[in-house]
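> Predicted model, plus sequence, below.
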Amino acid sequence: MHVALVSMWTAQHRETGATERTRRVAEALAARGHEVTICCARWWGGDLPAFDQQDVTYRAVTDEPTVGSFGSKLPFHLLRAKPDVVQAVNSPPGHVVAAKRAARLLRVPLVVDWWHDADDDWVDYRRAVSVATRVLVPSELVRTQVREHGASEERIETVPESIDVDLVRDAPVDRRADIVYANDLTEGCNVESFLLALAELRTRTWRAAVIGDGPLREAAEATAADLRIDDRVAFLGDLPPEEFVPVLKGARVFAQTAEHEPFATELLWALACGCIGLVEYQTDSSAHELVTGPGRGRRVTSPQELATAISAVADEPHRSRSENYEAYDHDAVLDQYLAVYRDAIDARGFSLGLF
């Protein structure tokens, strides 16, 4: 199958939830033997029209990420690529509409991978939804947003983020921290709620770790010092999965407090590593969805409740792995993408025996 992905920005431009999701899907498809083209703004040096990386072909629609120019030139590049299915990110929404022009001429389905509502026009989002054959969402939170833009329920598919279950199984256990927080330390990370909860427990025995980096790291470290807990909170910075999974396997509790989460991937890793997930409820976060129902997780609404919950689970048995998250493995989630592509092609009546 030849899949064309449309994303003006790529992870090579800037690492965001949407760009990392696109790169992961592209590389996973290529590893399965599918042909993958990403139509994007140029991120590589020189004037080559295309650049291959990890068996994925990146095709430059424009030299810079310029919304208007990208949208006007995109249909031509998709027509040249001749894919079997087109998948576009939802933002900027005008690029979805531009991709539809080419998809209609190619007589192939257009799938929109909707990460979250960015600072785009509501009317443009409604147009993007109206032209999509299928809309993929990572969570029920985003599903609700897409429905509000006019998408019918039968056209929406939930495809979550994924993790490496084999890594979780095989990684060693690093017991440097009892309680872990992990997120990019950017606006909305709300790491202060985590630190305030720990300050409530300063008379107890514990060690904590903050995994992640960003412009608010210095402020977070200063807050820990002001609260007189900096000697027990280790700021570890960004860690690759091979390094943070052992820390999660050694921890007892994972605290999720971020204000904006289309999908709480770090929490998913932690739950698979056997942590008890304590989620501070936020209206613009889907994290609470992962601790709904039976399992090692609870919802709280304030730093004080988070501190109480940490104390309450202190005597629960430590685990370094949970068997309940096999469905979130990279391969299993990729199968969901492929199933959506095949169903969308079959629904249009153009299944060509490509699978």
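Arrived safely.

> Helix or strand: which one has residue 39?
Element membership of residue 39, judged by DSSP states H and E, is strand 35-41.

> If you count neighbours, what's buried in that strand?
35-41 (16 or more other CB atoms under 10 Å). Yep, even glycine has a C-beta here, placed from its N, CA and C like the rest.

> so how far is residue 332 from residue 38?
In this structure, residue 38 and residue 332 are separated by 23 Å, where distance is defined by CB to CB, to the nearest Å.

> If you could redo that for residue 58, that was the one I meant.
With distances taken as CB to CB, residue 58 is found 26 Å from residue 332.

> need the contact list for the closest residue to residue 271 other than its chain neighbours.
The shortest distance from residue 271 to any residue other than its chain neighbours is 5.2 Å, reached at residue 277 (CB to CB, 6 or more residues apart in numbering). Listed by CB atoms under 8 Å, 6 or more residues apart in numbering, the contact set of residue 277 reads 254, 256, 267, 270-271, 290-291, 296-298.

> and residue 277, what are its bridge partners?
residue 254, residue 297 (DSSP bridges).

> which residues of the stretch 51-200 of the chain fall in helices?
Taking DSSP state H, counting those that start in this stretch, the helices of the stretch 51-200 of the chain run over residues 67-81, 93-106, 122-131, 140-148, 165-170, 191-200.

> Residue 31: which of these is closest?
When these are compared by CB to CB, helix 165-170 sits nearest residue 31, at 14.3 Å.

> can you list the weak-confidence ranges in the stretch 151-300 of the chain?
Judged against pLDDT under 70, the low-scoring parts of the stretch 151-300 of the chain cover residues 294-295.

> picking that back up, of the contacts of residue 277, closest to residue 155?
Out of the contacts of residue 277, the one with the shortest distance to residue 155 is residue 290. That distance is 24.5 Å, counting by CB to CB.

> doesn't the closest one fall inside a helix?
Yes. Secondary structure of residue 290 (DSSP: H, G, I helix; E, B strand; the rest coil): part of a helix.

> was I right about it contacting residue 264?
Yes. In terms of CB atoms under 8 Å, residue 290 counts as a neighbour of residue 264; the distance is 6.0 Å.

> Touching both of those two, which residues are there?
Listed contacts common to residue 290 and residue 264 are residue 279; contacts here mean CB under 8 Å, 6+ apart.

> Among those two, which residue is more densely surrounded?
Residue environment comparison for residue 290 versus residue 264 gives the larger neighbour count to residue 264, 27 against 24, counting by other CB atoms under 10 Å.

> re the thing from before, what angle do helix 93-106 and the strand holding residue 39 make with each other?
140 degrees (axes from the mean of the first three to the mean of the last three CA atoms, to 10 degrees).

> For strand 35-41, name the packing helices and strands.
The elements that strand 35-41 packs onto, with contact taken as 3 or more CB pairs under 8 Å, 6 or more residues apart in numbering; DSSP states H and E, are strand 2-6, helix 17-31, strand 56-62, helix 67-81.

> Those: which one's closest to residue 132?
When those are ranked by distance to residue 132, counting by CB to CB, first place goes to strand 2-6 at 12.0 Å.

> ok, the strand holding residue 39: who's next to it in the sheet?
Each strand that strand 35-41 pairs with, and the sense of that pairing, follows from DSSP bridges: strand 2-6 (parallel), strand 56-62 (parallel).

> one step back: tabulate the helices of the stretch 51-200 of the chain (JSON lines), appending mean neighbour count and distance to residue 213.
Putting these into JSON lines (neighbours: other CB atoms under 10 Å; distance: least, CB to CB, whole Å) gives the following:
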{"stretch": "helix 67-81", "mean neighbour count": "18", "distance to residue 213": "29"}
{"stretch": "helix 93-106", "mean neighbour count": "21", "distance to residue 213": "30"}
{"stretch": "helix 122-131", "mean neighbour count": "18", "distance to residue 213": "31"}
{"stretch": "helix 140-148", "mean neighbour count": "18", "distance to residue 213": "25"}
{"stretch": "helix 165-170", "mean neighbour count": "15", "distance to residue 213": "21"}
{"stretch": "helix 191-200", "mean neighbour count": "22", "distance to residue 213": "11"}
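
> so which of those helices gets nearest residue 328?
Using CB to CB and comparing those, the one that lies nearest residue 328 is helix 165-170, at 7.4 Å.

> list the helices and strands that closest one packs on?
Helix 165-170 is packed against helix 241-250, helix 265-272, with contacts defined by 3+ CB pairs under 8 Å, 6+ apart.

> tell me the most buried of those helices?
For the helices and strands packed on helix 165-170, ranked by mean neighbour count under the definition mean count of other CB atoms under 10 Å, the leader is helix 265-272 at a mean of 25.

> okay, the angle between it and helix 241-250?
Using the same axes, to 10 degrees, one finds that helix 265-272 and helix 241-250 are set 50 degrees apart in direction.

> Pull out the CA atoms of the top helix by length along the chain and give them to me as PDB.
The helix that spans the most residues within the chain, counting by DSSP state H, is helix 330-348. Listed in PDB are the C-alpha atoms of helix 330-348, where the atom choice follows Å, rounded to 0.1, in the frame of the first residue of the first chain:
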ATOM      1  CA  HIS A 330       3.100  -0.300  18.600                       C
ATOM      2  CA  ASP A 331       2.200  -3.200  16.300                       C
ATOM      3  CA  ALA A 332      -1.300  -3.500  17.600                       C
ATOM      4  CA  VAL A 333      -2.000   0.200  17.100                       C
ATOM      5  CA  LEU A 334      -0.500   0.200  13.600                       C
ATOM      6  CA  ASP A 335      -2.900  -2.600  12.800                       C
ATOM      7  CA  GLN A 336      -5.700  -0.200  13.700                       C
ATOM      8  CA  TYR A 337      -4.400   2.300  11.200                       C
ATOM      9  CA  LEU A 338      -4.200  -0.300   8.500                       C
ATOM     10  CA  ALA A 339      -7.700  -1.500   9.200                       C
ATOM     11  CA  VAL A 340      -9.000   2.000   8.900                       C
ATOM     12  CA  TYR A 341      -7.200   2.500   5.500                       C
ATOM     13  CA  ARG A 342      -8.500  -0.800   4.200                       C
ATOM     14  CA  ASP A 343     -12.100  -0.200   5.300                       C
ATOM     15  CA  ALA A 344     -12.000   3.300   3.800                       C
ATOM     16  CA  ILE A 345     -10.700   2.000   0.500                       C
ATOM     17  CA  ASP A 346     -13.200  -0.900   0.400                       C
ATOM     18  CA  ALA A 347     -16.100   1.500   1.200                       C
ATOM     19  CA  ARG A 348     -15.200   3.500  -1.900                       C
END
